[in-house]
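Asks: my questions are about this predicted structure, shown below with the sequence.
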Amino acid sequence: MKRGFYILLIMCTAIMVVSCDKTKSYTDMLKAQRKAIERLQVDSGFVFLDEFPKDSIFKENEFVELDNGVYLNIVNRGNSERAVLGQTAIRSRFIAQMFMENSSMGTGTVNLLGPHSNGTSPVEFRYGYYTSLYPDMDYYYDIFICEGLGAGLPYVGDSAVVKLIVPFKLMSSDFQSTGTPVFFEKVKYTFIK
């Protein structure tokens with residue numbers, strides 16, 4: 001009888017330990033993200049517009065929230081050629097900042113735009129299919145290929161430059177699992193022809 005009681009006690013203790021892990025809930029991650037974006041807005045002096053500018057011309061610090069939750073600022077609209085969903089191959093170089101201080105991914109900047117591109121290659125994907133054009137190659141920065149990175153494409157043409165604040169739900173699974181949003185300080189889209 002005592003032996004059965006001890007086994008039951010050990011099982012209950014194990015269940016309590018396992019059920020009390022310290023991972024954040026989705027709701028907690030959304031709240032933390034909202035606070036981090038608000039802090040980024042205040043610290044950087046960003047202004048979030050209620051409507052998309054009619055002429056598509058943004059001031060340096062103005063962003064508009066798109067329907068999918070991405071904040072967009074168009075720096076250079078590029079030319080009149082538009083990306084075709086599911087067809088246009090995109091080469092993208094960017095400066096990305098992980099700005100959420102309590103994220104398990106940490107904070108820091110990834111610069112694929114620097115002098116000589118810091119020895120890095122651009123990320124390449126097909127608009128609408130957010131995976132690398134070269135899935136057999138193992139390139140670390142492909143973790144940035146996601147719906148959020150392509151969010152500016154419906155509004156700009158070839159050789160455009162934009163800024164994006166991307167919520168974690170529109171980033172790759174690496175960012176989704178940790179609840180880490182990303183601020184793309186500069187994204188350059190080049191169409192691969």
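Replies: Looks like it came in fine.
Asks: give me the distance between the residue nearest to residue 89 when sequence neighbours are not counted and residue 92.
Replies: Of all residues not flanking residue 89 in the chain, residue 192 sits nearest, at 3.9 Å (CB to CB, 6 or more residues apart in numbering). Heads up, the C-betas are built off the backbone N, CA and C, glycines and all. According to CB to CB, to the nearest Å, residue 192 stands 10 Å off from residue 92.
Asks: same check on residue 39?
Replies: Using CB to CB, which is the criterion applied here, residue 39 is 26 Å from residue 92.
Asks: now do the strands in the chain.
Replies: Taking DSSP state E as the test, the strands found in the chain are 47-49, 62-65, 71-76, 89-98, 108-111, 123-126, 129-132, 161-166, 182-192.
Asks: comparing these, which comes out most buried?
Replies: By mean neighbour count, with neighbours taken as mean count of other CB atoms under 10 Å, strand 161-166 ranks first of the strands of the chain at a mean of 24.
Asks: remind me what that one packs against, helices and strands.
Replies: strand 71-76, strand 182-192 (3 or more CB pairs under 8 Å, 6 or more residues apart in numbering; DSSP states H and E).
Asks: returning to that earlier point: dump the residue contacts of the residue nearest to residue 89.
Replies: Residues counted as contacts of residue 192 (CB atoms under 8 Å, 6 or more residues apart in numbering) are 88, 89, 90, 91, 124, 133.
Asks: repeat the analysis, applying 10 Å as the threshold.
Replies: Listed by CB atoms under 10 Å, 6 or more residues apart in numbering, the contact partners of residue 192 are 88, 89, 90, 91, 122, 124, 125, 126, 133, 158.
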